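Novice: Structural data only, the sequence is not supplied:
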């Protein structure tokens, strides 16, 4: 873009008051429907509706394995097949039930009732069925028993008993995960933390919240916002997800670029180990250099080392000013440069930097009602959403406008618009959020959540486009500020040919860039056996040793931790080893 | 203060151009001599002078244990006494040499020469002597051998050999620690990382630095600042300390309130385990949720689980505007409220919030040349130093001034002054930094580094003052924004009576508040046996199990990790259990 054109375009940006003003504002705050990357949790989910409950359970063993109460332990949890497949074709895998685990008996149920009372022991088939399936309906277990402890002591008694009896356990928070980490695979006892939802304390000088693990994130957000603080993380699933689950999966989310990971924000944890030991690490101190900082072992270990029962977390002060801009760029290099410029110029007020390619915009505007591109139609290849959060409305807005003008003059931004009110900001976010929702309306969608160095991040999208040709549509979007790409591949239907073109290439390519095959979703059941693409054999071996140390009977969340020799290590692959599709084109 | 008086005082603040302008500015940037709380490293240290080198070695075994080279292994490292005492009366302890460790032989030396060459194997008594003593001259070992590897592979070979031979090892970075963690206790082989000082890469889009562990922090700061970024940590010892040592001790420092701990800023590590295994966790990704995040085990484990050889760290963008204010408050409650108001009003630009009681100011101005209180003499009890860092000089200053005016009108601030230039800012910091330096001029000083919930933080200072009466002077200062108190107790000389009034009370009191007996300095040799005051028995037991798992022969940094049963657990003590001195007064 010539400089004089840029100046004219820049002037237009400042005049533009938002082409989406005709659309009615969405209810609630603009952040109320923000998603965490690759997932969108609809408002029906927020109100308590669970997808699995609306559909018949169709997992391979849900009928055969029905718990028959007092009719005897021998018939409980009968397993018709010792091998099963999961999820879509894209994630199919086979796992054997571990015969070392005991099967649930009526004595077990009696014991649990003696500890938890009748209300804490759920045998009702419908209620247990809901807990057996993840919210996408993709992963289904066949547990017969849901336990609902109300205290750490009760969790301790449950685990101590299960450890002695070799009963496998799956901890469950809000059950909003995307990788099958929070539902049983076979007949594991489900320990739900819903009943542990008390706020224990709040230090309103330092913004330190201490609460039980079953607190819903949105409830915590509301609580601390009333005190003038915000939670350091925000997810699309916040209306359902639990803080204990957030910690256990090291949830990323929308505030990551500003406030960083939970490893930096969680101050303390209380965890119950597999043998029932209560590990009190519930400090509320910002600094504590006395010995190993053990809590980090449990942040992101997906419930495989212990059950998180209490959390203390540092909450940042709530800042009153939020601004959102929606911009277009002519190429991916400009997006990168814009990110660098935004870090430099917006500095301390930058709170989001999201990018989408034009395929995403086309998809969202075509398939979602009321979603429009706020920028005039033109052949822009990339779009960027920038959000700032600060303490001075007019200053922050002036700063963002000045940054935008400079970026246009420098040719980094082709066109852009700044939201003039909450409604417009919400509409801009709706485009970004709507991509995932629009994707599933097309047909089959192969979804990948990757961390890749920013300079290489879009290469995999182009490689995939080249490999798949006309057989599929490839979309790239995500949290550019965090180096987190969401790669969605759309096709009419799942088929093995398409899958063979995608996998294992996508994992091998990511590994060769020293990327991560799971940026923010965890491994769960979906990617347990693929850990070697992102971690060295020595690291996986040490993880297995730590698992053995903390949970020698492996009762906690089984089948979701890789064995040290379960896969071929791929970290040694180098990009040059690939026959780049793009290079041949 | 009445409102009208406050308004007049506020007007004075804005007029005041800094009473210290007559003093010549210090060389370099005002941050060049900032200290990390309780330590000050003088410029002679920065220029390469090492205290231990200037003095005769007077440790108990430095002559007896002299290595005799080719005259035979049997005479090497002879140990005259199997028990020794360390440090000042305040930290005296007795430790037996572990007879399970081998003694150094000439064959060992030959092997190390075959791996490292002649230059990497230091036997010269003077050079080894320097590495045997910490920079305070408080802790002295009697090692005969300093190894200087130049690569990870060499570190691996050293540890593999030492593990097989049961030779104990102490890893050593810049040797600037305060708790005796980086020097030998007996005849441990010293592995110095000085030779591993290469910057490996810098991603100037995301600000991600990857380097070897022996890089000096100040060199890294200079490097990334030239690229438009800053290191997320800054210490008084930055001219000497190594990034690997910073990671291994989880160094806090001056930017903690803004950028948080190294657990949030370190992205990846390469570590050599005790058996020589190279653990590659050297990701440069902001997000990676594939398995347990093992690097956190090594952050703050003080070299007892492995030797950090490479580090990747997230560096924030460098912001051009820094402002410093020096304020007085009438009481500690006002300091707390001011902190809350600063978090709220200064929000994203707040970068330091340090506090000092008036005893500190009196001490610094009495004992340090050229140090003056920039505020008119008046009976203020507390002083606060606030620093902001942002991207807009005039806006940030206006914001700080407005905040100061409001705080005066609200009665939180009694008086105050904003630095008008770098020289004044440096002078304000000099007061805060000078406290530690001034303390040692008085005579004996008992120093404690405590994390305590902010609302209770000053109580221990008053309790101590009450307990000690006229026999000692008690000073309280520190990083209020981080809840980190530096408690200094000044006396004419060390004596058992004074010590008995201080310890174990100070640890018990801190424990009862669920505080930490080491906020940012680590345990080292000084506080290894006191871990129970801050960690539960279950946590200490798990630490010991992890140590056993990773270093079964316990060759890494011995005598500095507590045994699970080494001390009486004190976490169960409650404040009410104390006979408060203040309550009786």
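Specialist: Perfect, thanks for sending it. These numbers come from a predicted model, not from an experiment. Numbering: from 1, shown residues only, chains lettered A, B, ... in the order given.
Novice: and residue A:152, how far is that from residue B:433?
Specialist: The gap separating residue A:152 from residue B:433 is 44 Å, by C-beta to C-beta, to the nearest Å. No exception for glycine: its C-beta is placed from N, CA and C like everyone else's.
Novice: And the strands in the stretch 51-200 of chain A?
Specialist: Per DSSP state E, counting those that start in this stretch, the stretch 51-200 of chain A carries strands over the ranges A:83-85, A:94-96, A:121-122, A:146-147, A:169-172, A:189-192, A:199-203.
Novice: Could you say which of the ones you listed is packed most deeply?
Specialist: Burial of the strands of the stretch 51-200 of chain A is given as mean neighbour count (mean count of other C-beta atoms under 10 Å in any protein chain shown); strand A:169-172 ranks first at a mean of 28.
Novice: picking that back up, who has more neighbours, residue A:152 and residue B:433?
Specialist: Between residue A:152 and residue B:433, residue B:433 has the larger neighbour count (other C-beta atoms under 10 Å in any protein chain shown), namely 25 against 20.
Novice: Name the SS class of that one, please.
Specialist: helix (DSSP: H, G, I helix; E, B strand; the rest coil).
Novice: So it is in contact with residue B:236, correct?
Specialist: Yes: with contact defined as C-beta atoms under 8 Å, residue B:433 counts as touching residue B:236 (7.2 Å).
Novice: Let me see the ranges of the helices in the stretch 101-250 of chain A.
Specialist: A:106-116, A:125-132, A:152-165, A:217-226, A:243-249 (DSSP state H, counting those that start in this stretch).
Novice: Now render these as a markdown table, adding distance to residue A:302.
Specialist: Formatted as a markdown table, these follow (distance: least, C-beta to C-beta, whole Å):
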| stretch | distance to residue A:302 |
| --- | --- |
| helix A:106-116 | 24 |
| helix A:125-132 | 17 |
| helix A:152-165 | 16 |
| helix A:217-226 | 17 |
| helix A:243-249 | 6 |
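Novice: Quick one: closest of those to chain B.
Specialist: Chain B lies closest to helix A:243-249 among the helices of the stretch 101-250 of chain A, at 6.9 Å (C-beta to the nearest C-beta).
Novice: Please name every helix or strand in contact with the closest one.
Specialist: With contacts defined as 3 or more C-beta pairs under 8 Å, 6 or more residues apart in numbering or on different chains; DSSP states H and E, helix A:243-249 has these neighbours: strand A:169-172, helix A:217-226, strand A:307-314.
Novice: Contacts for the first one, please.
Specialist: In other words, strand A:169-172. A:131, A:141, A:143, A:158-159, A:162, A:182-185, A:188-193, A:244-245, A:248, A:303, A:307-308, A:555-557 (C-beta atoms under 8 Å, 6 or more residues apart in numbering or on different chains).
Novice: Apply 7 Å and report the result again.
Specialist: Applying C-beta atoms under 7 Å, 6 or more residues apart in numbering or on different chains, the external contacts of strand A:169-172 come out as A:131, A:159, A:162, A:182-184, A:188-193, A:303, A:307, A:555-557.
Novice: Make a markdown table out of the helices of the stretch 101-250 of chain A and add mean pLDDT.
Specialist: As requested, the helices of the stretch 101-250 of chain A are arranged in a markdown table below (pLDDT from 0 to 100):
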| stretch | mean pLDDT |
| --- | --- |
| helix A:106-116 | 98 |
| helix A:125-132 | 97 |
| helix A:152-165 | 98 |
| helix A:217-226 | 97 |
| helix A:243-249 | 97 |
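Novice: just the ones you listed: most buried one?
Specialist: Most buried among the helices of the stretch 101-250 of chain A, counting by mean count of other C-beta under 10 Å: helix A:243-249, with a mean of 30.
Novice: chain center to that helix: distance?
Specialist: Distance, stretch centre to chain centre, for helix A:243-249: 10 Å (C-alpha atoms, centre = their mean, to the nearest Å).
Novice: and the next element down the chain from it?
Specialist: Next in sequence after helix A:243-249, counting helices and strands by DSSP states H and E, comes helix A:256-259.
Novice: and the gap between the residue nearest to residue A:497 when sequence neighbours are not counted and chain B?
Specialist: Distance criterion C-beta to C-beta, 6 or more residues apart in numbering or on different chains; nearest residue to residue A:497, sequence neighbours excluded, is residue A:471 at 7.8 Å. Computed as C-beta to the nearest C-beta, to the nearest Å, the residue A:471 to chain B distance reads 29 Å.
Novice: Could you measure from residue A:471 over to residue A:302?
Specialist: For residue A:471, the distance to residue A:302 (C-beta to C-beta) stands at 34 Å.
Novice: Of these two, which one has the most company?
Specialist: Between residue A:471 and residue A:302, residue A:302 has the larger neighbour count (other C-beta under 10 Å), namely 27 against 13.
Novice: what pLDDT does residue A:188 get?
Specialist: For residue A:188, the pLDDT comes out at 98.
Novice: Hmm, residue A:168 and it touching each other?
Specialist: Yes: taking C-beta atoms under 7 Å as the definition, residue A:188 is a contact partner of residue A:168 at 4.2 Å.
Novice: What are the structural domain limits within chain A?
Specialist: Following automatic domain parsing, chain A resolves into domains at A:2-192, A:199-314, A:321-512.
Novice: Any idea which of these gets closest to residue B:259?
Specialist: domain A:199-314 (8.9 Å; C-beta to C-beta).
Novice: how long is that closest one from one end to the other?
Specialist: End-to-end distance for domain A:199-314, by C-alpha to C-alpha, to the nearest Å: 14 Å.
Novice: Please name the residues that touch residue A:380.
Specialist: Shown in contact with residue A:380 (C-beta under 7 Å, 6+ apart): A:328, A:329, A:330, A:358, A:414, A:415.
Novice: repeat that with 10 Å
Specialist: Counting by C-beta atoms under 10 Å, 6 or more residues apart in numbering or on different chains, residue A:380 touches A:327, A:328, A:329, A:330, A:331, A:357, A:358, A:361, A:373, A:413, A:414, A:415.
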